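[1] Need coordinates for the below:
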Amino acid sequence: MALDPLAGQPVPGDRLADIPALVAAYYELVPDPAVDAQRISFGTSGHRGSALEKSFNRNHILAVTQAVCEYRQQAGITGPVFLGRDSHALSTPAQISAIEVLAGNGIMTFIAAADGLTATPLISFAILEYNRSGTDQADGIVITPSHNPPEDGGFKYNPPNGGPADVDVTSLIQRRANEILQDGLRDVSRLDYEIALGSGFIRHFDYVTPYVKALAEIIDMEAIRSAGVKIGVDPLGGASIAVYRKIKEHYGLDMEIVNPAVDPTFSFMTLDHDGKIRMDCSSPYAMASLVALKDRFDIAFGNDVDSDRHGIVTPSGGLMNPNHYLAVAIDYLFRERRGWGDKVNVGKTLVSSAMIDRVTANLERKVIEVPVGFKWFVDGLLRGDLGFAGEESAGASFLRRDGSVWTTDKDGIVLNLLAAEICARTGKDPAQIYLQLEQQFGNSYYIRVDAPASVEQKRAIKSLDAQSVTLATVAGEPVEAVMTAAPGNGESIGGVKVTTRNSWFALRPSGTEAVYKIYAESFVSADHLQRVLQEAKLFVSGIL
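    Numbers count the residues shown, from 1 in each chain. Purely as a prediction, here's the structure:
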């Protein structure tokens with residue numbers, strides 16, 4: 001995809017979203033459930049869309065919330081719902097709609113105190129803490145499209161295990177929600193918003209304080225404080241702002257929030273690679289403002305809007321590639337966390353760097369390789385079988401220092417704080433440590449490319465089987481394995497992965513966008529990576 005000429009530059013006024021028109025569209029436009037693009041569709045991170053395109057409107061949220069209520073009843077979930085929202089413009093009206101339905105169904109619902117924002121990891125943390133009591137079981141809803149543009153809205157459901165709902169659950173909710181849409185919302189039980197707030201079913205809850213106080217159980221906060229690590233934080237206008245303020249206050253850290261602004265147009269951002277406003281903390285273009293400040297801090301970091309992703313900025317190397325930081329985090333944690341025991345392993349998605357495999361093997365641990373989607377890590381984190389679980393798109397979580405579960409959803413806040421702990425305990429920033437890993441295990445050359453794809457083409461990629469891959473070699477090396485199921489759990493990867501001794505490529509369709517993705521990695525050279533990528537493109541063009 002061509003680089004926009006304004007990538008990494010401040011957002012010009014003519015690229016800002018019209019927020020009043022967007023919110024008006026949420027209420028006024030009515031989706032047609034007979035049109036696929038206007039139906040509710042759960043991808044790897046819930047349902048996402050835009051009110052202007054009739055893919056994220058009030059009817060969607062009324063229907064999907066009612067479907068969640070019905071699912072809870074069928075599953076015997078009788079505890080409260082922990083409900084959170086981020087700072088996208090559509091998140092507030094969507095939370096209002098969800099509150100109306102939850103109260104209409106008589107479900108106790110906890111929303112943020114003072115009508116605040118709530119980060120995704122804090123919802124997971126709250127669910128797990130509540131469910132420790134064992135009396136009744138709570139679950140959660142997060143209203144967020146994550147790092148995506150200001151025009152987008154999103155809705156995610158987390159069952160009592162605290163993590164992203166499995167496909168078995170989301171398919172039930174999706175199917176029932178679309179039935180409700182098709183039937184004109186007749187089955188929606190709903191109270192007027194003001195009545196809902198006074199019904200006794202909606203209660204305010206402090207998500208921030210318990211989470212912040214517990215951070216010392218997963219991060220060596222005292223080491224960070226006593227070492228005087230100078231920290232810069234850019235929440236990218238998202239839900240982590242209040243969390244970092246509380247962290248600074250509670251632990252006495254030398255921490256500066258360099259951008260505390262909250263603005264639904266996200267006008268303070270720099271444009272992403274394609275010229276869109278996207279709060280992607282793994283993108284050097286979206287993170288250009290913080291990267292420019294790297295020499296002011298020992299470590300700096302950012303989060304996306306719902307704070308489930310991390311972005312690490314070092315004085316020695318700027319913004320770290322997410323794969324590089326995952327490898328550093330794994331190497332550090334499995335050496336330093338003495339309370340984890342020797343049976344705890346590493347979870348990674350199959351499109352994450354093979355550097356993780358090399359680091360993990362050196363630690364004498366096992367890699368559990370799963371399809372794309374953090375939901376595949378939930379059970380392992382909950383049981384304590386996975387000490388660390390991560391994916392190439394800068395999402396990860398790990399266990400508390402005593403080996404017990406922290407969150408079962410991605411937590412960009414603790415991954416960021418871990419970078420500060422690494423600085424405090426090693427005297428080096430994570431980029432410097434990654435250079436040491438390269439010296440030991442070789443240089444990784446990695447790329448991901450998106451290409452347009454129709455619904456039919458996406459189906460063709462998703463339905464590939466190993467027998468349809470007849471490649472004998474890739475970039476001059478013999479093919480060692482062809483996978484259409486992940487070796488870690490046997491689940492379909494929704495595409496294919498082809499590996500050789502020193503390289504691999506993978507193809508998979510996007511669950512929410514009209515594109516397919518090619519991932520490729522080489523441990524030979526940058527030129528070799530391009531050969532791998534070109535042969536992957538030739539292969540997929542033959543299919544399409």
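
[2] Counting neighbours, which bits of stretch 495-514 end up buried?
    Neighbour-count burial for stretch 495-514 flags 495-500, 502-512 (criterion: 16 or more other Cβ atoms under 10 Å). The way it works is simple: take the backbone N, C-alpha and C, and place the C-beta from them, glycine included.

[3] Mind checking which of these are in strands?
    495-499, 503-509 (DSSP state E).

[4] Throw the residues you listed into TSV and include pLDDT and distance to Phe82, thanks.
    As requested, these are exported to TSV (pLDDT from 0 to 100; distance: Cβ to Cβ, whole Å):
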residue	pLDDT	distance to Phe82
Gly495	92	34
Val496	93	38
Lys497	96	36
Val498	96	42
Thr499	97	40
Ser503	98	43
Trp504	98	39
Phe505	96	40
Ala506	96	35
Leu507	93	37
Arg508	92	31
Pro509	89	32
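
[5] Could you work out the most separated pair of those?
    Ser503 and Pro509 (22.0 Å; Cβ to Cβ).

[6] picking that back up, out of the ones in strands among the buried residues of stretch 495-514, which is nearest to Asn489?
    For those, the nearest to Asn489 is Lys497 (14.1 Å; Cβ to Cβ).

[7] Isn't Gly238 up against Ser91?
    No. Contact criterion Cβ atoms under 8 Å: Gly238 and Ser91 do not qualify, at 10.6 Å.

[8] which one of the two has more residues nearby?
    Comparing Gly238 with Ser91 by other Cβ atoms under 10 Å, the one with more neighbours is Gly238, at 29 against 26.

[9] Contact partners for the more buried one?
    86-87, 117, 119, 279, 303-307 (Cβ atoms under 8 Å, 6 or more residues apart in numbering).

[10] can you list the residues you listed in JSON lines and add secondary structure?
    Conversion of the contacts of Gly238 to JSON lines gives the following (DSSP: H, G, I helix; E, B strand; the rest coil):
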{"residue": "Asp86", "secondary structure": "coil"}
{"residue": "Ser87", "secondary structure": "coil"}
{"residue": "Leu117", "secondary structure": "coil"}
{"residue": "Ala119", "secondary structure": "coil"}
{"residue": "Met279", "secondary structure": "coil"}
{"residue": "Asn303", "secondary structure": "strand"}
{"residue": "Asp304", "secondary structure": "coil"}
{"residue": "Val305", "secondary structure": "coil"}
{"residue": "Asp306", "secondary structure": "coil"}
{"residue": "Ser307", "secondary structure": "coil"}
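
[11] Gln439: which of the residues you listed is nearest?
    Asn303 (30.4 Å).

[12] And for the closest one, the neighbour number?
    32.

[13] got the contact list for it?
    119, 235-236, 238, 240, 281, 309-311, 412-413, 416 are the contacts of Asn303 under Cβ under 8 Å, 6+ apart.

[14] those strands in the stretch 51-200 of the chain, which residues are they?
    Assigned by DSSP state E, counting those that start in this stretch, the stretch 51-200 of the chain shows strands spanning 81-85, 109-112, 139-143, 152-158.

[15] Check the stretch 251-400 of the chain too.
    254-257, 299-303, 310-314, 318-319, 345-349, 367-370, 386-391, 395-398.

[16] Give me the distance from the fourth one to the chain's centre.
    Right, the one you point to is strand 318-319. 20 Å (Cα atoms, centre = their mean, to the nearest Å).

[17] Also stretch 355-374?
    The answer for stretch 355-374 is 19 Å, by Cα atoms, centre = their mean.

[18] Could you do stretch 14-34 as well?
    On Cα atoms, centre = their mean, the centre of stretch 14-34 falls 25 Å from the chain's centre.

[19] For it, measure first residue to last.
    This stretch, stretch 14-34, spans 34 Å end to end (Cα to Cα, to the nearest Å).

[20] Not counting that stretch itself, show me its contacts.
    Contacts for stretch 14-34 (Cβ under 8 Å, 6+ apart): 38-39, 50-52, 54-60, 89-90, 93-94, 149-151, 153, 178, 181-182, 264-265, 267, 271, 275, 277.

[21] hey, what's the nearest residue to Pro284 once chain neighbours are set aside bridged with?
    With Cβ to Cβ, 6 or more residues apart in numbering as the criterion, Pro284 has its nearest non-adjacent residue at 4.9 Å, and that residue is Leu319. For Leu319, the beta-bridge partners are Val313 (DSSP bridges).

[22] What's the ChimeraX line that selects buried ones from the contacts of stretch 14-34?
    Of the contacts of stretch 14-34, the buried ones go into a single ChimeraX selection, burial set by 16+ other Cβ under 10 Å:
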select :38,39,50,51,52,54,55,56,57,58,59,60,89,90,93,94,149,150,151,153,178,181,264,265,267,271,275,277
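
[23] Helices - which of the contacts of stretch 14-34 land there?
    Residues of the contacts of stretch 14-34 located in helices (DSSP state H): 58-60, 93-94, 178, 181-182.

[24] Can you tell me which of these is nearest Ala424?
    Distances from Ala424 to those, taken by Cβ to Cβ, are shortest for Ala94, at 39.6 Å.

[25] Cross-check the contact I'm expecting between the closest one and Arg85.
    Yes. Between Ala94 and Arg85 there is a contact under Cβ under 8 Å: 7.1 Å.

[26] what touches both of those two?
    By Cβ under 8 Å, 6+ apart, Ala94 and Arg85 have these common neighbours: Ile143.

[27] Gln95 reaches Arg85, doesn't it?
    Yes. The pair Gln95 and Arg85 qualifies as a contact (Cβ under 8 Å) at a distance of 4.4 Å.

[28] Looking at those two, which has the bigger crowd around it?
    Arg85 (27 against 22).

[29] show me the contacts for the more buried one.
    Counted by Cβ under 8 Å, 6+ apart, Arg85 has contacts 91-92, 94-95, 112, 117-118, 142-144, 239.

[30] can you check Gly237 too?
    Gly237 touches 87, 259, 261-263, 266, 268-269, 279, 305, counting by Cβ under 8 Å, 6+ apart.

[31] Which element is encountered next along the chain beyond the helix or strand hosting Ala424?
    Using DSSP states H and E, Ala424 sits in helix 412-426. The helix or strand immediately downstream of helix 412-426 is helix 430-441, counting by DSSP H and E.

[32] Going by contacts, tell me the helices and strands next to the helix or strand that that next one is followed by.
    Counting by DSSP H and E, the next helix or strand C-terminal to helix 430-441 is strand 445-452. Counting contacts by 3 or more Cβ pairs under 8 Å, 6 or more residues apart in numbering; DSSP states H and E, strand 445-452 packs against strand 515-522, helix 526-543.

[33] Check the ones you listed for me and report the most buried one.
    strand 515-522 (a mean of 23; mean count of other Cβ atoms under 10 Å).
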